[in-house]
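> Build the 3D model from these lines:
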Amino acid sequence: MRYQPTQLTQSYALHQAEQPQNTTPANSIQSNSTVLQSSTSGKKTVLSRTEVMSELRHNGLLISPTVNDHKYVIPQHSWVDGDYGRYFDSYIYYLGAEYNAEGMDCDNFADFYRQNLILANLKAGGARQGDVPCATIVVNQKDKGIYHALNLIRTNRGWYVVEPQDGTFTSLNTYRYLRNITKVTF
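Down below sits the predicted model:
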């Protein structure tokens with residue numbers, strides 16, 4: 001799905017209205033990490049690099065053993081799709097980042113989503129147990145004549161493709177372009 005400026009702007013406006021007006025990115029990351037700590041408290045699911053690669057291969061993705069981390073902490077789906085999604089939207093709004101085919105396009109949004117998730121995990125102390133299994137993927141959308149970048153994330157409910165420009169979550173096994181994923185970067 002492509003970026004829709006009016007949808008995203010409305011989404012940001014709604015999230016901005018919910019946020020205190022003096023919120024800075026640093027405070028947002030701090031409150032976001034608190035949410036991660038509370039949502040992942042208790043027994044955490046941790047997967048090895050081999051298990052992550054095996055799951056992706058089982059889903060039909062061919063990836064080379066360049067996955068960097070040795071262990072991955074699996075976040076709660078409700079946190080990634082809920083609290084983190086709202087945080088990400090408000091942070092993008094705070095930064096004033098808007099789609100621009102010349103400089104801020106799908107790969108920038110996907111990389112920013114992934115890196116921010118890693119920082120939230122680090123801030124919450126989760127990095128001591130492992131990284132969050134989130135990748136940037138490139139998809140050949142042949143019917144549209146374009147390549148498009150999105151995110152692939154493993155939650156406690158399985159693998160999901162995330163469109164960071166509008167927050168859409170799609171299960172990997174029902175993702176329309178599953179066989180057209182050309183690159184997976186952790």
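> Output the contacting helices and strands for the longest strand seen in the chain.
Using DSSP state E to define each element, the chain has its longest strand at strand 146-155. Secondary-structure packing of strand 146-155 (3 or more Cβ pairs under 8 Å, 6 or more residues apart in numbering; DSSP states H and E): strand 71-74, helix 106-123, strand 134-141, strand 158-163. C-beta here means a position set from N, CA and C on the backbone, and glycine is covered the same way.
> May I see the buried residues of the longest one?
Along helix 106-123, the positions that meet the burial threshold by neighbour count (16 or more other Cβ atoms under 10 Å) are 106, 108-110, 112-114, 116-118, 120-123.
> if we can go back for a sec, tell me the buried residues in the longest strand of the chain?
148-155.
> now do stretch 86-94
86-94.
> ok, now stretch 178-186?
Under the neighbour-count criterion of 16+ other Cβ under 10 Å, stretch 178-186 has 178, 181, 184-186 buried.
> Which ones among the residues you listed lie within strands?
Among these, the ones falling in strands (DSSP E) are 181, 184-185.
> so which of these comes closest to residue 50?
residue 184 (15.6 Å; Cβ to Cβ).
> I'd say residue 129 and residue 47 touch.
No - using Cβ atoms under 8 Å, residue 129 and residue 47 do not qualify as a contacting pair, with a distance of 10.8 Å.
> And the two? Which one has more around it.
Counted by other Cβ atoms under 10 Å, residue 129 and residue 47 do not tie: residue 47 has more neighbours, with 17 against 14.
> Now do the same contact list for that one.
55, 71-72, 74, 130, 133, 154 (Cβ atoms under 8 Å, 6 or more residues apart in numbering).
> By mean pLDDT, flag the weakest helix or strand of this protein.
helix 5-18 (a mean of 34; mean pLDDT, DSSP states H and E).
> which secondary structure elements does the helix or strand harbouring residue 91 contact?
Using DSSP states H and E, residue 91 maps to helix 85-95. Applying 3+ Cβ pairs under 8 Å, 6+ apart, we find helix 85-95 packed against helix 5-18, helix 25-39, helix 106-123.
> Low-confidence ranges, the chain, go.
1-43, 62-69, 99-103 (pLDDT under 70).
> residues in contact with the residue nearest to residue 45 when sequence neighbours are not counted?
Distances taken as Cβ to Cβ, 6 or more residues apart in numbering place residue 74 nearest to residue 45, at 4.0 Å, with adjacent residues excluded. Residue 74 makes contact with 44-47, 133, 154-156, according to Cβ under 8 Å, 6+ apart.
> now residue 106
Applying Cβ under 8 Å, 6+ apart, the residues contacting residue 106 are 3, 148-150, 165.
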